[in-house]
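Chemist: Just a sequence and a predicted model for now, questions to come.
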Amino acid sequence: MQDTVDIIKTIQNVYENDPVFSVLKDYERVLDELGLYVYDNWEDGELVEGPIIGRHFVQCSFMYPRDKMPDPMGGKRLLDYDCKVTYKKDHLIEPRKIIEPDDVRPGTKKGKLDKLPIWLVTIIVPKQLMKNIYSGYKMNQDYSKDPATSEKVTPESDPIENTAQGEV
């Protein structure tokens, strides 16, 4: 069972730790480059746990409303890249919005706790895959100017102009 407070602590940990945030960005880049977000409902996931950084793998868990299960074909696409994907039915404990007196827990001023049905999807990505995709991304970022237009060509230095005028 997932708790809203635990989810908030996980997200707070991601934003407070710069290395963890960098790993999560690389993790998301892998999912994006592999075309996962093309499939239905994958972009609606919320981070519940992670990134858990192991020696060879990085693991994250995402939650989806029960009626918006992510398309399993997206998970199948990740299997070709040695990722592991698991689906699990679970519940999210969430405090009820207080609208009437029956919404309050007896003896407190807090709302009653409701169990909302969710899907919990855990994706384990190999670090080697993250490294390969990041290196390709980094190479594209570093390659900022086009080699064909990087050098200025003047009529005196252009060999085509010189042969057209009879000089070689």
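Modeler: It's in.
Chemist: Against Met130, how distant is the spatially most central residue of the chain?
Modeler: For the chain, Glu28 is the residue whose C-alpha lies nearest the centre (C-alpha atoms, centre = their mean; 2.4 Å). Applying C-beta to C-beta, to the nearest Å, the value for Glu28 to Met130 is 10 Å. Where you see a C-beta, it was placed from the backbone N, CA and C, and this is true even at glycine.
Chemist: Against Tyr39, how distant is the residue nearest to the centre of the chain?
Modeler: For Glu28, the distance to Tyr39 - C-beta to C-beta - is 15 Å.
Chemist: next one: Pro70
Modeler: From Pro70 over to Tyr39 (counting by C-beta to C-beta), the distance is 7 Å.
Chemist: Of the two, which one has the most company?
Modeler: The neighbour comparison of Pro70 against Tyr39 (other C-beta atoms under 10 Å) goes to Pro70, with 22 against 16.
Chemist: Can you classify that one by secondary structure?
Modeler: Put simply, Pro70 is coil when judged by DSSP: H, G, I helix; E, B strand; the rest coil.
Chemist: Tell me who's in contact with it.
Modeler: 39-42, 44-45, 64, 119, 121 (C-beta atoms under 8 Å, 6 or more residues apart in numbering).
Chemist: Filter the residues you listed down to the ones in helices?
Modeler: Among the contacts of Pro70, none falls in helices (DSSP state H).
Chemist: just checking, the residue nearest to the centre of the chain is part of a helix?
Modeler: Yes: Glu28 forms part of a helix when assessed by three-state DSSP.
Chemist: and Cys60, that one's in a strand?
Modeler: Yes: assessed with three-state DSSP, Cys60 lies in a strand.
Chemist: Next, the residue nearest to it when sequence neighbours are not counted: phi, psi?
Modeler: Of all residues not flanking Cys60 in the chain, Gly50 sits nearest, at 3.4 Å (C-beta to C-beta, 6 or more residues apart in numbering). Dihedral pair for Gly50: phi 120, psi -180, per degrees, to the nearest 10.
Chemist: Would you state the helices of this structure in chain order?
Modeler: Here the chain has its helices, by DSSP H, at 4-16, 18-33, 72-79, 127-142, 159-164.
Chemist: Mean pLDDT and distance to Asp90 for those helices - can I get that in JSON lines?
Modeler: As requested, these are exported to JSON lines (pLDDT from 0 to 100; distance: least, C-beta to C-beta, whole Å):
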{"stretch": "helix 4-16", "mean pLDDT": "90", "distance to Asp90": "12"}
{"stretch": "helix 18-33", "mean pLDDT": "91", "distance to Asp90": "21"}
{"stretch": "helix 72-79", "mean pLDDT": "93", "distance to Asp90": "17"}
{"stretch": "helix 127-142", "mean pLDDT": "72", "distance to Asp90": "26"}
{"stretch": "helix 159-164", "mean pLDDT": "55", "distance to Asp90": "68"}
